[in-house]
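In: the following comprises the amino acid sequence and a computationally predicted model.
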Amino acid sequence: MALKGFRIRRLSGHRKYGAAATNLEDLLCKACALLQLPVADARLCLHEDGTEMTKARFQKIPENSELVLLAPGEEWQGYVSEIQRFLNAFSSRTEDIVRAARTLLSDEGSPMRRKLLSDLVHNLSENIGAENRVEDEKWFEGIESRFKTKSSYLRFSCESRIRSYMKEGPFDAESCPGRHSINPYGNKESRILFSTWNLDHVIEKKRTVLPTLAEAVQDREGKEVNWEYFYRLLFTVDNLKLVHIVCHKKANHNLSCDKRKVYRKRKRPPKIRKSLV
């Protein structure tokens, strides 16, 4: 049988070695010798997806495929394992990852990969845990010195918004199909971008709520207007959705107020019981 060549690496290393063999047993022996690993219980698998090599697969796998040599107890799941290793590096090598991503961005041509790298740099550059001005001075650039914390500034600028990742959408959708998300506590760019998000009334204030309220006051005919219902629609978050400016629909919402809640029953005064003399 003809020799087949492969590229072989260890689980914990990136250096690859070339090896050629006519069968799996021969390839495994050569791989263990190159990478200084005992042959006993050692295994070879495809780097791409973690498929373990067998005698039958040895004949089907294309020449020059990349293989991983595994010691007893080691596992490899292909690209899933690569992603896990990459995510684990975030906590300890964040600055190195950002530098590497920016280097790739300088000459990266693929639009999708550029988007992924840009998002990666943006997210890793966030300093969400910092709250005080001294902990994240860049975030506070352009903000009056009287604001000492992120919370105090965001409370001032947008009291009705919440501190978390915000995934909302148009008034007629449960969530945004564009999956816009932002955490204004992350960095200066996120804080500025946050100001472009709008709070949109689900039942429109000018076109629906106010005209319905005016009509209810004029035509109540002895009924009591449910002012609490209108208050919630006008002045609380019950009738508001946070929406990215791109997804803010300016057209008529065609939603009406709940007619059953426009009026409420008058509370009858308690009956005065005459005391017996």
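Out: Nice, thanks for sending it over.

In: and the helices in the stretch 101-250 of the chain?
Out: 111-124, 150-157, 188-194, 210-218, 227-235 (DSSP state H, counting those that start in this stretch).

In: make a markdown table from those and add mean pLDDT and distance to N88 to it.
Out: To be clear about C-beta, it is placed using only N, CA and C from the backbone, and glycine gets the same treatment. A markdown table is the format used below for these (pLDDT from 0 to 100; distance: least, CB to CB, whole Å):
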| stretch | mean pLDDT | distance to N88 |
| --- | --- | --- |
| helix 111-124 | 74 | 14 |
| helix 150-157 | 83 | 28 |
| helix 188-194 | 82 | 25 |
| helix 210-218 | 93 | 55 |
| helix 227-235 | 93 | 47 |
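
In: ok, R264 - contacts?
Out: By CB atoms under 8 Å, 6 or more residues apart in numbering, the contact list for R264 reads 224-226, 229.

In: per-residue pLDDT of it, please?
Out: Per-residue confidence (pLDDT) for R264: 86.

In: still on that earlier bit, out of the contacts of R264, which comes closest to A42?
Out: Taking CB to CB as the measure, A42 sits nearest to Y229 out of the contacts of R264, at 72.3 Å.

In: ok, now which ones touch the closest one?
Out: In this structure, Y229 makes contact with 257-258, 261-262, 264, judged by CB under 8 Å, 6+ apart.

In: do L193 as well
Out: Residues near L193 by CB under 8 Å, 6+ apart: 182, 184.

In: circling back: most neighbours among the contacts of R264, which one?
Out: Within the contacts of R264, most neighbours by other CB atoms under 10 Å means Y229, with 21 neighbours.

In: gap between it and R7?
Out: Using CB to CB, to the nearest Å, we find Y229 at a distance of 70 Å from R7.

In: can you lay out the contacts of R264 as JSON lines showing distance to D41?
Out: Output for these, formatted as JSON lines (distance: CB to CB, whole Å):
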{"residue": "E224", "distance to D41": "82"}
{"residue": "V225", "distance to D41": "80"}
{"residue": "N226", "distance to D41": "75"}
{"residue": "Y229", "distance to D41": "72"}
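
In: in space, what's closest to Q77 - neighbours in sequence excluded?
Out: If the residues on either side of it in the chain are set aside, Q77 comes closest to G50, at 4.5 Å by CB to CB, 6 or more residues apart in numbering.

In: next, the spatially most central residue of the chain: phi, psi?
Out: In the chain, the centroid-proximal residue (CA atoms, centre = their mean) is S181; its distance is 6.3 Å. Main-chain torsions, S181, degrees, to the nearest 10: phi -150, psi 150.

In: how many neighbours does the closest residue to R232 other than its chain neighbours have?
Out: In space, and not counting its chain neighbours, R232 is closest to D238: 4.6 Å by CB to CB, 6+ apart. Using other CB under 10 Å, D238 has 12 other residues around it.

In: how about L35?
Out: L35: 18 neighbours (other CB under 10 Å).

In: same check, this time on the one 5 residues further on
Out: The number of residues packed around A40, counting by other CB under 10 Å, is 8.

In: residue contacts, it?
Out: Contacts for A40 (CB under 8 Å, 6+ apart) come out as P72.

In: having no further points to raise, I will conclude here.
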